[in-house]
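# Quick one: sequence plus predicted model below, questions after.
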Amino acid sequence: MSTNRFGVRTLAVLAVAGIAVLGTPTIASAHVSAQPAEFTQGGRATFAFRVPNERDNAGTTKIEVTLPQDTPLTSVRTKPMAGWKAEAVKGKLDKPVTIAGKEVTEAFKTITWTAEPGVKIGVNEYQEFFVALGTLPEKDTLLLPTKQTYENGEVVDWSQAPGADGKEPEHPAPALKLAPKKAGDDGHGGHGTTPAANSSTDTHQASAAGSDKTARYLGGAGLAVGALGLGFGVGAILRSRRKA
């Protein structure tokens, strides 16, 4: 009888643990990333560079993104953020390129966010820096190498591309996955996840909606595990009573 009770209690604990783990969404990635990260080739992308602070003795005070020059971006917009100064630097290309039938001789090279005095991304915190980019190149992936500077002078370079085996490197660069343009797609949206390029509020809502759906799915999976554990527990109790 005591063995059955122990088994029931064990299953109940495992069920609760499953709900707790599966039902808790991840707040921030362990490295600088693009959120959301899927868009359409030839269109525009509105997203955020999500920057978590990974040091327990220093805060983040500067973020610098290097934009591609082989497939340059002719449009860059940043969302104003209290306490941070954003600067998009534009310059001439080494070689002119043709984008949407037009010759382009200059494009944006970098985007930098610098914290004002007394402002930083603190310990156990993260921040999102919103941008709107275009025109997106006709390639599968757009890497956006990013340097994260801490207040103690340390610089972490998030610039590595995925390995040939698909494994994530130690310091992966933020990346956008670009899908081919479909018939009827005007290129203003991003693979079902991107609002208009100048709508920051909609971007927040789209990101929140995606996180909410993920949390619901995971929560449902956790409830299913809990229900399964409860079923096993009830069955064990009934069997023990019959034997008694």
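Cool, the structure landed. Numbers count the residues shown, from 1 in each chain.
# Enumerate the residue intervals of the chain where per-residue confidence is below the cut-off.
Within the chain, the ranges that satisfy pLDDT under 70 run 1-29, 184-244.
# Where do the strands of it begin and end?
Under the criterion DSSP state E, the chain contains strands at 33-35, 38-40, 44-52, 60-66, 75-78, 84-99, 102-115, 126-134, 141-143, 146-150, 155-158, 175-179.
# Let me have the ones you listed in TSV, extended by distance to Asp165 and mean neighbour count.
Any C-beta I mention is one placed from the backbone N, CA and C, and that applies to glycine too. Conversion of the strands of the chain to TSV gives the following (distance: least, CB to CB, whole Å; neighbours: other CB atoms under 10 Å):
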stretch	distance to Asp165	mean neighbour count
strand 33-35	20	21
strand 38-40	22	22
strand 44-52	25	23
strand 60-66	25	21
strand 75-78	33	17
strand 84-99	32	13
strand 102-115	31	16
strand 126-134	29	20
strand 141-143	16	18
strand 146-150	23	20
strand 155-158	20	15
strand 175-179	16	18
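# can you put these in CSV and add distance to Glu168?
Formatted as CSV, the entries for the strands of the chain read as follows, by distance: least, CB to CB, whole Å:
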stretch, distance to Glu168
strand 33-35, 11
strand 38-40, 17
strand 44-52, 15
strand 60-66, 19
strand 75-78, 27
strand 84-99, 28
strand 102-115, 23
strand 126-134, 19
strand 141-143, 13
strand 146-150, 15
strand 155-158, 11
strand 175-179, 11
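# out of the ones you listed, which comes closest to Pro169?
Judged by CB to CB, the one of those that comes nearest to Pro169 is strand 155-158, at 9.6 Å.
# Mind listing the strands the closest one pairs with, and their directions?
When sheet partners are counted by DSSP bridges, strand 155-158 sits next to strand 146-150 (antiparallel).
# Need the contact partners of the strand it pairs with.
Residues from elsewhere that reach strand 146-150, judged by CB atoms under 8 Å, 6 or more residues apart in numbering: 32, 49, 51, 55, 58-66, 155-159, 173-174.
# Apart from its neighbours in sequence, what residue is nearest Ser159?
Pro145 (3.6 Å; CB to CB, 6 or more residues apart in numbering).
# next one: Lys177
If you skip the residues right next to it in sequence, Lys177 has Glu38 as its closest partner in space, 4.8 Å away by CB to CB, 6+ apart.
# give the contact list for the closest residue to Leu178 other than its chain neighbours.
Beyond its immediate neighbours in the sequence, the residue positioned closest to Leu178 (CB to CB, 6+ apart) is Gln41, lying 4.7 Å away. Shown here is Gln41, whose contacts under the criterion CB under 8 Å, 6+ apart are 136-139, 178-181.
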